[in-house]
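Undergrad: how would this look folded up:
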Amino acid sequence: MCYNNVVYIPAVCISDNAADTSYVQIYFVWYCSCKTTTDSPVCILPHSGLLEGINTMDNNKRRNSSPPADNRKRAKKGGTGIPMRKYYGPTGTPEYPYHSPELEEAAAKPKWVLVLRQTLSILGSTLAAMFMILIITCTIVATALVVYVMNFRDDVSNVTIEEMELSYNTNIYAQDSSGEWVNIYEVTNESQRIPVNIDEIPQHTRDAFVCAEDERFYTHDGVDYKRTVSAFVNMFVHIYDTNQGGSTITQQLIKNITGDSEQSPSRKIREIFRAMELERAYSKDKILETYMNYIGFGGTSNGIEHAAQKYFGKSAKDLDVAEAACLAAIPKSPETLNPFAGYKDDTTGEWVNTGKKKNKKRQEYVLWQMYNNGALTYDEYQSALHEKLIFTDSDEYKAAHPDAQKEEDTDPNKPTSWIVDAALYEVADYLKDKFNLTTQQAISRINRGGYQIYTTVNQDMQAYVEEKYKDLNNLVEKDRVAQWQDQDGDGEYSSSEIVYPESAFIAMNYKGEIQAMVGAVGEKTESLCFNYATMEQRQPGSTIKPLTTYGLALESDLIHWGSIYKDEPIEVEGKAWPTNYSEDSSAMSISHKELKIYEALEKSYNTVPAQLCQALTPQSVFDFATSKMRLDLCKDSGDGHTDMAYSPLTVGALTYGVTLENLVNGYVPYGNGGTQYQAHLVSKVVQGAGDLIYENDGSPEEAVSSETAYVMNKLLQDVVNNGTGQKAKLEHKHVAGKTGTTQDWNDLTFVGLTEDFVSGVWLGYKERAELKDHHIKSAQIWQNIIGEYADQMNTGAEYPEDSSIVEGKVCTKSGKIAGPNCTATTTGYWKSSNAPVCDECTKYGSKTTKATNENSGSTSATTAAGEQHSETQHPAENNSNAAATEAAATQAPAQ
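TA: Have a look, this model is predicted:
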């Protein structure tokens, strides 16, 4: 209602108490333009929510809703119009329990203050709400980030320094005649790098790189958070004179190990965790060593050692402070800060150097950092700052080092040598097995791996043999080499091209260390090409006999020097086998005559080793050949073929064949006293700053007794002196050897031993065609290739002696040690365990004789020796192992 310009708006509030029926009458006062209660008010200045009064009544009374008179009077008199609180008691009489000064004070303020207060109140509430929302949001985000980072950490795999794909040059070494190691080949790549151990890097050089790249390197755990933040801020506010990177040396190394250079927060998180892991796994010195061996120094130069040689012509260990600071200045921007950086002037055509000036400025910064971090004294700092640097491109350096201007042969098209090829393949085989790589992958790893490969090659012998092999006429007379015409698939001659045979040669000492090797005839024109000495499997022919039947029979005392066997075939699958062949491959009739072992071997009869194989069983012979002599024979080809049979083990008709390297390797025990070594060209491989990753001593193992080795060596000397190998005889050396010719005359082989080394030669067509001229002698080829060189070697080496060997004359009748009444013809050699004395030619019935011992005077060979031999019956007299013979006979000779 309106009354005297005041509008009273009643409002009723019902009590919350259900039992209380009283209510509150509240008046809200609006100052309006009105005269009577019936006028329509025009409100001028509203005041919100001011209490006019409170009236409490019981449930039987209602308060009169007319406004209080005193309040109306105050409004008329020009007062504030702010209502006073009244209390209407049960009688309806108004009372004033209290007066509110605060309300009076508020009412007395100007209206704009009230508006401002309301505005600020609203703004404050809004800001408070926004702040709370921000806190909640940040908490959620931080929680999510922590969860993400922790999960990410679990997913980050550890990295190792060994995983770095460093592109170091690989070098191959050999000893010269004085025993010094010399570099015979360098496998170069686009990134030239020479590894160096941290101990060979001076402390001031290490300090230069640490102060320039990561001054808190020795105190942080892989991540320098202060520097990371500083680098970030410096991107926007240039606090420092030079741009600073936030990555530590460890983080930079991580990038190189993983190759992870993605520009993203996730990559940075990975890098941080990996850097901390790397710091826990490796020492600071190891991390710094790897870093300094890896970083680029401009162009193809990488690593501190190569950079030192490139820019100053000296090793890293000889760098002074100024030079070290110069090199430490380069990694920040290798292509612009290296001292040789520049460009070619298009007008003059001259090279304009820009790198030295830029490098000098950065070098001064590095020196200051070294001084500022306590790595240099003031005097050292000043001295290095003013030192004149002598670079390798300066006239001053060239005048002092005239030899440095000689250019090396770096023709990328020049093929590698046979030795280099073989060394690379040998190391590749090791890497293939270790890292499960393909051959090409292994070769690629060698090319960039910084390996130092030490070989066993005799450079003089290698050069000699290579010269011989440049022309096949040095090996065989040209008019004795048959022409071979290429045939197409129809069997018709498609061309008249003359193709000459191939040949290969290999030599090794008696520790299995390869001394020389040639893999084909003629000038070598390709790198890593096919090598007939190490890759081609061929039939060895009769050269296999000393490594199979004869070797085991002698070792097991089945035979001795003069054991007698008849020239008779055995029966295999109901057929008589084998046939003997003459030196020209023509079949020989079976003579049925008695042959002594040395005669059977020197003339290369096939029947006698067949009888030995039958007595020993093919399985025993196979096991001996593979486990003791280390021949690579085929046990089961999967299609029914095996080398555990008569033909392969007796005459060398193998399923696949053996390489010349493997064949020659088998003879090693017969020149060193019975120890077998695995053939190898590489003795050791070192990587990086000296880590030995591969070493090969040939895995020595006794193959046969020293007595067996001695007797076999003498039997093989007899082959050269009196048998099929006579063309290999030398004037000053005792040559032992064995010839081998395949039945179809496809392959000729000879293995020869001297006191210094064992070697072998092979001749045959690539297409396995027949060598038409059957008068070519493999022993003569060996003589042509290596004979002169071997005869002139003066190492003083001798075949190992054995004091237990019995040397004596051979009885022509019994083949035993000749007694005084025997007809003796030649000298023989017997093992002490099998040295029977002839008791068939005694005039007075005595069974005692004497035999000469080569080393210890005379030795008595008593009847005990004869009795012992009587228990060893050769198969011509008694083949009692019928079951074994029957089982062995079921295997047909390999064709």
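Undergrad: poorly predicted segments of the stretch 351-500 of the chain, please.
TA: In the predicted model of the stretch 351-500 of the chain, residues 403-413, 477-499 satisfy pLDDT under 70.
Undergrad: try it again with 50
TA: For the stretch 351-500 of the chain, the stretches flagged by pLDDT under 50 are 405-410, 482-496.
Undergrad: the stretch 151-300 of the chain now?
TA: 242-243.
Undergrad: and the host helix or strand of Y381, what's buried?
TA: Using DSSP states H and E, Y381 sits in helix 378-385. By neighbour count on 16 or more other CB atoms under 10 Å, the buried set for helix 378-385 is E380, Y381, A384, L385. C-beta: built from backbone N, CA, C; applies to glycine.
Undergrad: contacting residues around that helix?
TA: D320, V321, A322, A325, E364, L367, W368, M370, Y371, L376 (CB atoms under 8 Å, 6 or more residues apart in numbering).
Undergrad: if any of the residues you listed are buried, put those into a ChimeraX selection.
TA: Of the contacts of helix 378-385, the buried ones go into a single ChimeraX selection, burial set by 16+ other CB under 10 Å:
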select :320,321,322,325,367,370,371,376
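Undergrad: tabulate the contacts of helix 378-385 (JSON lines), appending secondary structure and distance to A341.
TA: Supplementary listing: the contacts of helix 378-385 in JSON lines, determined by DSSP: H, G, I helix; E, B strand; the rest coil; distance: CB to CB, whole Å:
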{"residue": "D320", "secondary structure": "coil", "distance to A341": "22"}
{"residue": "V321", "secondary structure": "helix", "distance to A341": "22"}
{"residue": "A322", "secondary structure": "helix", "distance to A341": "19"}
{"residue": "A325", "secondary structure": "helix", "distance to A341": "17"}
{"residue": "E364", "secondary structure": "helix", "distance to A341": "17"}
{"residue": "L367", "secondary structure": "helix", "distance to A341": "20"}
{"residue": "W368", "secondary structure": "helix", "distance to A341": "22"}
{"residue": "M370", "secondary structure": "helix", "distance to A341": "23"}
{"residue": "Y371", "secondary structure": "helix", "distance to A341": "26"}
{"residue": "L376", "secondary structure": "coil", "distance to A341": "26"}
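Undergrad: which one of the contacts of helix 378-385 is nearest to Y710?
TA: Y710 lies nearest to D320 out of the contacts of helix 378-385, by CB to CB, at 63.1 Å.
Undergrad: isn't the closest one up against E387?
TA: Yes - at 7.4 Å, D320 counts as touching E387 under the criterion of CB atoms under 8 Å.
Undergrad: so which bits of the host helix or strand of Y291 are buried?
TA: Here Y291, judged by DSSP H and E, is contained in helix 284-294. Buried residues in helix 284-294, counted by 16+ other CB under 10 Å: K284, I287, L288, E289, T290, Y291, M292, N293, Y294.
Undergrad: next one: stretch 347-359
TA: G355, K356, K358, N359.
Undergrad: run the chain-centre distance for the helix or strand that contains A324.
TA: Using DSSP H and E, A324 falls within helix 321-328. Computed by CA atoms, centre = their mean, to the nearest Å, the separation of helix 321-328 from the middle of its chain amounts to 33 Å.
Undergrad: remind me what the very next helix or strand once past that helix packs against, helices and strands.
TA: Following helix 321-328 in sequence order, the next helix or strand is helix 334-337 (DSSP H and E). With contacts taken as 3 or more CB pairs under 8 Å, 6 or more residues apart in numbering; DSSP states H and E, helix 334-337 sits against helix 355-372.
Undergrad: what is the helix it packs on packed up against?
TA: Short answer (3+ CB pairs under 8 Å, 6+ apart): helix 355-372 packs on helix 203-213, helix 321-328, helix 334-337, helix 378-385.
Undergrad: which stretches of the stretch 351-500 of the chain form strands?
TA: 351-353, 451-455 (DSSP state E, counting those that start in this stretch).
Undergrad: which strands border the strand or helix carrying T749, and is each parallel or antiparallel?
TA: Using DSSP H and E, T749 falls within strand 747-753. When pairing is defined by DSSP bridges, strand 747-753 lines up against strand 736-741 (antiparallel), strand 758-764 (antiparallel).
Undergrad: where does the residue nearest to N746 when sequence neighbours are not counted land on pLDDT?
TA: Ranked by CB to CB, 6 or more residues apart in numbering and with sequence neighbours excluded, the top spatial neighbour of N746 is R768, at 5.0 Å. What the model reports for R768 is a pLDDT of 79.
Undergrad: SS state for R768?
TA: What DSSP: H, G, I helix; E, B strand; the rest coil gives for R768 is coil.
Undergrad: do the same with I785
TA: Per three-state DSSP, I785 ends up helix.
Undergrad: doesn't E467 make contact with it?
TA: No - in this structure, I785 is not within contact of E467 by CB under 8 Å, at 10.3 Å.
Undergrad: from the rest of the structure, what touches stretch 332-344?
TA: 212-213, 296-299, 301, 311, 326, 329-330, 350-356, 358-359, 362, 389, 391, 393.
Undergrad: what about it, distance to the chain center?
TA: On CA atoms, centre = their mean, the centre of stretch 332-344 falls 33 Å from the chain's centre.
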